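A.B. asks: Sequence first, predicted model second:
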Amino acid sequence: MNKPAALDMTGQQVTSAHILVVDDNGINRKKMRMAVENLGHTADVAKNGLEALNALKSQSFDAVLLDILMPEMDGFDVLSEMKQHERMRDVPVIVISALDDETESVVKAIELGAEDFLPKSFDPVLLRARLGASLSKKRFRDQEREYFGRIERLTEAAEVLEGGRFNPESLDLDDLANKDDPLGRLAAVFRGMAAEIYERELKLKKMILTLQGSFLVLAVGLVWGLTPALSRMASGLGSNPLGLAIWVNALAAIFCLGIAAYRRKLPRLKRSEFMFYVYWAIIAGILQRMTTFVVTEHVEAAMLSLIVTLQGFMVFAFAAVTGMERASPRRLLGLFVGLAGVSLVLFTRFDLSDGAQNAWLLFAMALPLLFAVEALVLAGKRPEHVDIFASVGLMMALSTAMLAPWAYFSGDLMTLGPSIGRLEILVLLMGIVGASSLLLAFHLIATAGAVFYSQSAYAMTIAGVVWGMLLLNEELSPLAWIAFAIIIIGMYLVEPKSSDEELVIKRNFNSES
């Protein structure tokens, strides 16, 4: 036998409701349950007030038929408890009682939050009317609550937009925008406009980052490109690599720490942070400097600059393997194109008959490896709260302190002055160049990532070759210039890393100017 359809107080068919019947008398429970089910609803039963509260806490009910007189916890106590819990307070309750003072009991129940009243000997038609009325009121309240909840979500979304956060995910309107009603369409408009603005601003930000990164790449290359040429000129004036490294690092440390002190940015470091600067000093201030100054005595400045370009491929390989940066196909293509250009240039200069020169060329390949390691260390481990000038100055000072005993005991300390000659000027320039290139590199890694920074090696190549030609009269073949063009294409294909920071767009939504 099919269940009859649920009807409201006007006799119209409505959705079946879930009703809780509460009565300590088994016959009365069965009678009320049958009456509820005959109206087309589903019914659960509870034998006492405590059992009723447990059921209300664990399940959702559309209405409660509640007996007043029950042992231990009567209907009044149940009503009081229900109104103290958010989950239960809006469930309509129809109290059912056979008390003699019926009017007083009804008044008390209504005051405690009951929706309506039925006598024990109720008429099924009266039950249908009062239960239908209670359910209609509940459905209306639920719809009203949902409506105002959706309005509140739209208001919150508007506040998010007003704060400049146009990322559609931050609006949390996806489910609301899928509803086919006025509020749903408004939410869809909110989300669509936010997505359009966000995508446009994201592209603009990416373009700006690319331009800024490209400028920094060129600046790093232009400044560092002087190092091989200046170092080769200094070696021709009788300098030695160890003494030269000490003077260059010391001057760079004084320059950077002086600026940091003037800006009141000298840091207080934890032990782990101090150890980072020790490692960085060993990699960049000692190994990188010494390799550069030793190799430039035997390898042309232009050739050394070309070899440094291998840094890009090394950084990309390390970053991709460790997951530090995304290995997109475009970036991979750009690095391989740049590597092909470098390989072409190396091919033009590698002479199988000159074993000693080839050995120095192979040794020079340690330099791009050191640059790659430095870039990855700075990208992943640098203390971000420390001022950039203080960071570079501290690293240079530590490397000077570590190199000084070695130079003293080996007799390689280099004396400068008191008169200012070509060597003194070269050392001063190299100190400024060393500090400037590190400052630019540090900033570039922080803003664009290690992989994009590695493209500065291409700019170093170009700058190194140009400086070698201008200062040392070095020359390159036409094939080498073709390789330069290939290198530049590779540099263009590698873009800065995606920013993890949320894009916040400044907008003025006030009508007043």
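C.D. replies: Cool, the structure landed. Numbers count the residues shown, from 1 in each chain.
A.B. asks: pull the longest helix from this structure.
C.D. replies: In terms of residue count, the longest helix belonging to the chain (DSSP state H) is helix 182-224.
A.B. asks: Just after that one, pick out the following helix or strand.
C.D. replies: Scanning forward in sequence from helix 182-224 by DSSP states H and E, the next helix or strand is helix 226-235.
A.B. asks: From the contact counts, what lies against that following helix?
C.D. replies: With contacts taken as 3 or more CB pairs under 8 Å, 6 or more residues apart in numbering; DSSP states H and E, helix 226-235 sits against helix 241-262, helix 289-295, helix 301-308, helix 422-448, helix 456-472. From N, CA and C alone the C-beta is placed, and that goes for glycine too.
A.B. asks: With respect to residue 391, which of those lies nearest?
C.D. replies: When the helices and strands packed on helix 226-235 are ranked by distance to residue 391, counting by CB to CB, first place goes to helix 422-448 at 6.4 Å.
A.B. asks: Can you give the distance from the longest helix of the chain to the centre of its chain?
C.D. replies: For helix 182-224, the distance between its averaged C-alpha position and the chain's averaged C-alpha position is 15 Å (CA atoms, centre = their mean, to the nearest Å).
A.B. asks: what's the average pLDDT for it?
C.D. replies: Averaged across helix 182-224, pLDDT comes to 76.
A.B. asks: Can you read off the backbone torsions of residue 66?
C.D. replies: Torsion angles at residue 66 (phi, psi; degrees, to the nearest 10) stand at phi -120, psi 120.
A.B. asks: May I have the beta-bridge partners of it?
C.D. replies: For residue 66, the beta-bridge partners are residue 22, residue 95 (DSSP bridges).
A.B. asks: wait, what's in contact with it?
C.D. replies: 22, 52, 75, 78, 79, 93, 94, 95, 96, 114 (CB atoms under 8 Å, 6 or more residues apart in numbering).
A.B. asks: out of those residues, who's nearest residue 148?
C.D. replies: residue 93 (23.2 Å).
A.B. asks: pretty sure that closest one contacts residue 63?
C.D. replies: Yes. Under the contact definition of CB atoms under 8 Å, residue 93 touches residue 63, with a separation of 7.3 Å.
A.B. asks: Neighbours of residue 408, how many?
C.D. replies: A count of neighbours around residue 408, defined by other CB atoms under 10 Å, yields 11.
A.B. asks: Residue 193 now?
C.D. replies: Residues within reach of residue 193, counting by other CB under 10 Å, total 13.
A.B. asks: can you check the one 5 residues further on too?
C.D. replies: Burial measure for residue 198: 19 neighbouring residues, criterion other CB under 10 Å.
A.B. asks: for residue 237, same thing?
C.D. replies: By other CB under 10 Å, 12 other residues sit near residue 237.
A.B. asks: just checking, it is part of a helix?
C.D. replies: No. Looking at residue 237 with DSSP: H, G, I helix; E, B strand; the rest coil, it is coil, so not inside a helix.
A.B. asks: In contact with the residue nearest to it when sequence neighbours are not counted, which residues are there?
C.D. replies: Excluding its sequence neighbours, the residue lying closest to residue 237 (CB to CB, 6 or more residues apart in numbering) is residue 423, at 4.6 Å. When contacts are counted by CB under 8 Å, 6+ apart, residue 423 is found next to 234, 237, 238, 239, 416.
A.B. asks: Turn these into JSON lines, including distance to residue 149.
C.D. replies: Formatted as JSON lines, the contacts of residue 423 follow (distance: CB to CB, whole Å):
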{"residue": "234", "distance to residue 149": "74"}
{"residue": "237", "distance to residue 149": "79"}
{"residue": "238", "distance to residue 149": "82"}
{"residue": "239", "distance to residue 149": "76"}
{"residue": "416", "distance to residue 149": "76"}
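A.B. asks: Reformat the residues you listed as CSV; add pLDDT and distance to residue 224.
C.D. replies: CSV is the format used below for the contacts of residue 423 (pLDDT from 0 to 100; distance: CB to CB, whole Å):
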residue, pLDDT, distance to residue 224
234, 87, 16
237, 86, 21
238, 82, 24
239, 87, 19
416, 84, 23
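A.B. asks: List just the nearest of those to residue 225.
C.D. replies: Among the contacts of residue 423, residue 234 lies closest to residue 225 (CB to CB), at 15.6 Å.
A.B. asks: okay, the residue lying closest to that closest one once chain neighbours are set aside: pLDDT?
C.D. replies: Sequence neighbours aside, residue 426 is the residue nearest to residue 234 in space, at 4.8 Å (criterion: CB to CB, 6+ apart). Turning to residue 426, the model gives it a pLDDT of 90.
A.B. asks: Residue 426 and residue 256, how far apart?
C.D. replies: The span separating residue 426 from residue 256 equals 20 Å under the rule CB to CB, to the nearest Å.
A.B. asks: neighbours of residue 381, just the number please.
C.D. replies: 13.
A.B. asks: Identify the residues contacting it.
C.D. replies: The contact partners of residue 381, taken as CB under 8 Å, 6+ apart, are residue 276.
A.B. asks: what about it, distance to residue 185?
C.D. replies: Relative to residue 185, residue 381 is positioned 50 Å away (criterion: CB to CB).
A.B. asks: next one: residue 32
C.D. replies: Here residue 32 is placed at a distance of 45 Å from residue 185 (CB to CB).
A.B. asks: who's more crowded, the two?
C.D. replies: Set side by side, residue 32 and residue 185 give different neighbour counts by other CB under 10 Å, the larger being at residue 32 (24 against 12).
A.B. asks: Now do the same for that one: its pLDDT.
C.D. replies: pLDDT at residue 32 comes out at 89.
A.B. asks: ok, it touching residue 96?
C.D. replies: Yes. Counting by CB under 8 Å, residue 32 sits close enough to residue 96 to count as a contact (7.2 Å).
A.B. asks: Other residues contacting the helix or strand where residue 404 lies?
C.D. replies: Applying DSSP H and E as the criterion places residue 404 in helix 388-410. The list of residues contacting helix 388-410 from outside it, by CB under 8 Å, 6+ apart, reads 242-243, 245-246, 249-250, 252-260, 263, 265-267, 277-278, 280-282, 284-286, 289, 382-383, 386, 412-414, 434-435, 438-439, 442-443.
A.B. asks: re the thing from before, how near is the residue nearest to residue 234 to residue 365?
C.D. replies: 26 Å.
A.B. asks: what about these two, which has more around it?
C.D. replies: Summary of the neighbour comparison: residue 426 and residue 365, criterion other CB under 10 Å, with residue 426 having more neighbours (21 against 15).
A.B. asks: Let me see the contact set for that one.
C.D. replies: In this structure, residue 426 makes contact with 230, 233, 234, 237, judged by CB under 8 Å, 6+ apart.
A.B. asks: what's the distance between it and residue 411?
C.D. replies: 22 Å.
A.B. asks: Quick check, residue 463 in contact with residue 227.
C.D. replies: No. With the criterion set as CB under 8 Å, residue 463 and residue 227 do not qualify as a contacting pair; they are 9.7 Å apart.
A.B. asks: With neighbour numbers in mind, choose between the two.
C.D. replies: Shown here are residue 463 and residue 227; by other CB under 10 Å, residue 227 has more neighbours (27 against 24).
A.B. asks: what sits against the more buried one?
C.D. replies: Residues in contact with residue 227 (CB under 8 Å, 6+ apart) are 292, 430, 433, 434, 437, 464.
A.B. asks: what's the closest non-adjacent residue to the third one?
C.D. replies: In other words, residue 433. In space, not counting the residues next to it along the chain, residue 433 is nearest to residue 226; the distance is 5.0 Å by CB to CB, 6+ apart.
A.B. asks: quick one: that neighbour from residue 121, how far?
C.D. replies: From residue 226 over to residue 121 the distance is 105 Å, taken as CB to CB.
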